[in-house]
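Chemist: Okay, predicted coordinates and the sequence, questions at the end:
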Amino acid sequence: MKKKGKQLYLYEALELRSEFDARVKTLKDCLPETKQNRDRFSFTRDEGIRRPSPDFDAVSARKKLRKLEVKRRKLNSSVQKANFSHTIDFNGDSVTLSEALEIRKALNEQIGELHDQVVRSSYQRVIYKEGRDIVEENEISYEDAVDNLEEARLSFRDLNRKLRRASFETLLEFQDE
């Protein structure tokens, strides 16, 4: 796809959104109404009283902050539109990027659960009772647990690669001034 003047690739938009987030955080942290700065402006034995630097203007910082927040919302809206309108093929189905992101999140959680299952199935529980051992069988064999975990990891990797590839192919509308 050819890139036009008011368009960004999805990966560029995601990078820009992260940059906007960092800029918003920096500006917010400089404002006196943030808790971090309220604590700084109060008197402490170690630091004394703090006041704004001569070249810092809170009013100007608030205006910049509001502009950045609007730009971030517009960018996020464009990202969401792209996520709902573009599809990828996953396990034989065509899914939107939004749905694929949800699937990736669920797969990641499943991998954590399967990891725990592998760890639990690597040992059997033995209860010593009345001079003999009672062995509790695992719900799933160690080999099956390992196979299930490996399958989930490969599926996650495949989906993640497809999402990354889509971010380099998907264009969205956004004009950064």
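Modeler: Great, that's in hand.
Chemist: Residue 115 is in contact with residue 145, correct?
Modeler: No: judged on C-beta atoms under 8 Å, residue 145 makes no contact with residue 115 at a distance of 9.2 Å. Bear in mind the C-beta positions are built from the backbone N, C-alpha and C, glycine included.
Chemist: residue ranges for the strands of this protein, please.
Modeler: For the chain, strands defined by DSSP state E occupy the ranges 7-9, 87-90, 93-96, 125-129, 132-136, 171-173.
Chemist: Compare those strands and give me the one nearest residue 165.
Modeler: The closest of the strands of the chain to residue 165 is strand 87-90. By C-beta to C-beta, the value is 8.0 Å.
Chemist: can the strands of the chain go into a markdown table with extra columns for mean pLDDT and mean neighbour count?
Modeler: Listed next are those as a markdown table, based on pLDDT from 0 to 100; neighbours: other C-beta atoms under 10 Å:
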| stretch | mean pLDDT | mean neighbour count |
| --- | --- | --- |
| strand 7-9 | 94 | 19 |
| strand 87-90 | 97 | 15 |
| strand 93-96 | 97 | 13 |
| strand 125-129 | 77 | 9 |
| strand 132-136 | 74 | 9 |
| strand 171-173 | 94 | 18 |
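Chemist: can you redo these as TSV with distance to residue 63?
Modeler: Shown next, in TSV, are the strands of the chain (distance: least, C-beta to C-beta, whole Å):
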stretch	distance to residue 63
strand 7-9	25
strand 87-90	40
strand 93-96	37
strand 125-129	64
strand 132-136	66
strand 171-173	26
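Chemist: Of all those, which one is nearest residue 81?
Modeler: For the strands of the chain, the distance to residue 81 is smallest for strand 171-173, at 6.7 Å, taking C-beta to C-beta.
Chemist: Any idea how far that closest one is from the middle of the chain?
Modeler: 21 Å (C-alpha atoms, centre = their mean, to the nearest Å).
Chemist: what packs against that strand?
Modeler: strand 7-9, helix 10-30, helix 58-85 (3 or more C-beta pairs under 8 Å, 6 or more residues apart in numbering; DSSP states H and E).
Chemist: Per-residue confidence at the residue most central in space within the chain, what does it come out as?
Modeler: In the chain, the C-alpha nearest the mean C-alpha coordinate belongs to residue 105, at 9.2 Å (C-alpha atoms, centre = their mean). pLDDT for residue 105: 98.
Chemist: ok, so what distance separates it from residue 77?
Modeler: 21 Å (C-beta to C-beta, to the nearest Å).
Chemist: same thing with residue 104?
Modeler: Residue 104 is 22 Å from residue 77, by C-beta to C-beta.
Chemist: Looking at this protein, name the residue that lies furthest from the middle.
Modeler: Largest centre distance within the chain, by C-alpha atoms, centre = their mean: residue 131, 53.4 Å.
Chemist: Contacts only, for residue 152.
Modeler: Residues in contact with residue 152 (C-beta atoms under 8 Å, 6 or more residues apart in numbering) are 107, 110, 111, 114.
Chemist: Many thanks, I have nothing further to ask.
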